[in-house]
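In: Structure for the following, please:
(chains A, B and C)
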Amino acid sequence: MEKNDADFSLKETLECGQCFRFEKVAENKYTVISGFRVISVEQVDDSIIFSGDDIAFWRSYFDLNRDYSEIKMRLSREDAIMAEAISFAPGIHILNQAFFETLLSFIISQNNNIPRIRGLIHHLSSNYAQEIQKGIFAFPTAGELAGVSEDDFRQLGFGFRARYLVDAIKKVNEGAFDEEVLRDYPTPVLREKLMTICGVGHKVADCVMLFSLGKTDVFPADVWIQRVMNVLYSPNGETADLQAEASRRFGMDAGFAQQYLFHYGRMKKIGKEG
DNA sequence: ATCCAGGATCTCC
DNA sequence: GGAGATCATGGA
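Out: Coordinates of the predicted model:
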């Protein structure tokens, strides 16, 4: 099945750091896992070729039903810095990932590096989830993880994040975090609710909201974004309030802006020595 | 060996 | 309420 989209790059979208569950099988060809689903997807020019089931789900996952040309126009119209960041990877889409999977993934991401995050998520999946294809595991459900202890997680290498996972799993299993209900919360209320989970601070909450709950106005501020904003937008001193600055500059498009800037800054090593 | 990684929490004052 | 230390682990 094919679909055309000139504003989408499969490679840029998967490899810009928002998602941890994909394998590159060839240039512009990937196997992607989300929840209990797996898809083989390839991009040839502007054509996206899906091989697998639930194509409507995957079109939504890759956010192919949104017009990104308007977003990029608004962001870059009076902002040469943003125009440069967008032109570096103009095909980035914000993925619509599964809530529970995103919550645990970004709890795991704290004070960690991307290769190791991917490895830990694979440990979670291969130990506790169903094998949906040969050698390919679903992401475990909260139910499947209900009996896993802090010590079990520590032995798998999660370190100090073990007790955070246990708390998140417990609260989800208690029914306090139903995805469909959460989507209707206003952003500030939703952030506070997510932050009641031990191990979820402001940044992880924002990642969960942006990457899995459709809150495209939030601006997750990690160390890279702090460096990028300070170097590119505030060369004469650090920005006092990063959230206010992002809101003022990018408004309702802050989530998209964040991902363009994050990827650009990380690839260019902006603010890093060397 | 020392530092660092898409931070959050705890512990001081 | 804000700065500083601490947290597990593995790769550079």
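
In: Can you list phi and psi of residue A:39 for me?
Out: phi -140, psi 150 (degrees, to the nearest 10).

In: State the pLDDT value of the residue nearest to it when sequence neighbours are not counted.
Out: Nearest non-adjacent residue to residue A:39, counting by Cβ to Cβ, 6 or more residues apart in numbering: residue A:52, 4.2 Å away. C-beta coordinates here come from the backbone N, C-alpha and C atoms, glycine included. pLDDT, residue A:52: 97.

In: before we move on, what about the one 10 residues further on?
Out: Residue A:62 carries a pLDDT value of 98.

In: Can you give me the distance of it to DNA strand C?
Out: Distance, residue A:62 to DNA strand C, using Cβ to the nearest atom of the strand, to the nearest Å: 29 Å.

In: so that residue makes contact with residue A:93?
Out: Yes: counting by Cβ atoms under 8 Å, residue A:62 touches residue A:93, with 5.9 Å between them.

In: Between these two, which contacts overlap?
Out: Common neighbours of residue A:62 and residue A:93 are listed as A:8, A:13 (criterion: Cβ atoms under 8 Å, 6 or more residues apart in numbering).

In: OK, contacts around the residue nearest to residue A:39?
Out: Contact analysis of residue A:52 by Cβ under 8 Å, 6+ apart lists A:37, A:38, A:39, A:40, A:58.

In: Between those, which sits nearest DNA strand B?
Out: Lowest distance from DNA strand B to the contacts of residue A:52 (Cβ to the nearest atom of the strand) belongs to residue A:58, with 19.7 Å.

In: Which other helices and strands does the helix or strand in which the closest one is found contact?
Out: Using DSSP states H and E, residue A:58 sits in helix A:55-61. Using 3 or more Cβ pairs under 8 Å, 6 or more residues apart in numbering; DSSP states H and E as the contact test, the elements touching helix A:55-61 are strand A:29-34, strand A:37-44.

In: burial measure for the closest residue to DNA strand C within the stretch 1-150 of chain A, as a count.
Out: Going by Cβ to the nearest atom of the strand, DNA strand C is nearest to residue A:111 of the stretch 1-150 of chain A, at 4.6 Å. Using other Cβ atoms under 10 Å, residue A:111 is surrounded by 8 other residues.

In: Could you pull up the residues touching it?
Out: Per Cβ under 8 Å, 6+ apart, neighbours of residue A:111: none.

In: ok, and which of the helices and strands packed on helix A:55-61 has the densest surroundings?
Out: Mean neighbour count (mean count of other Cβ atoms under 10 Å) peaks for strand A:29-34 among these, with a mean of 20.

In: Could you name the helices and strands sitting against that strand?
Out: Counting by 3+ Cβ pairs under 8 Å, 6+ apart, strand A:29-34 packs on helix A:10-15, strand A:22-26, strand A:37-44, helix A:55-61, strand A:136-137.

In: Strand partners (parallel or antiparallel) of that strand?
Out: According to DSSP bridges, strand A:29-34 forms sheet pairs with strand A:22-26 (antiparallel), strand A:37-44 (antiparallel).

In: Need those in a markdown table (columns: mean pLDDT).
Out: Output for these, formatted as a markdown table (pLDDT from 0 to 100):
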| stretch | mean pLDDT |
| --- | --- |
| strand A:22-26 | 96 |
| strand A:37-44 | 98 |
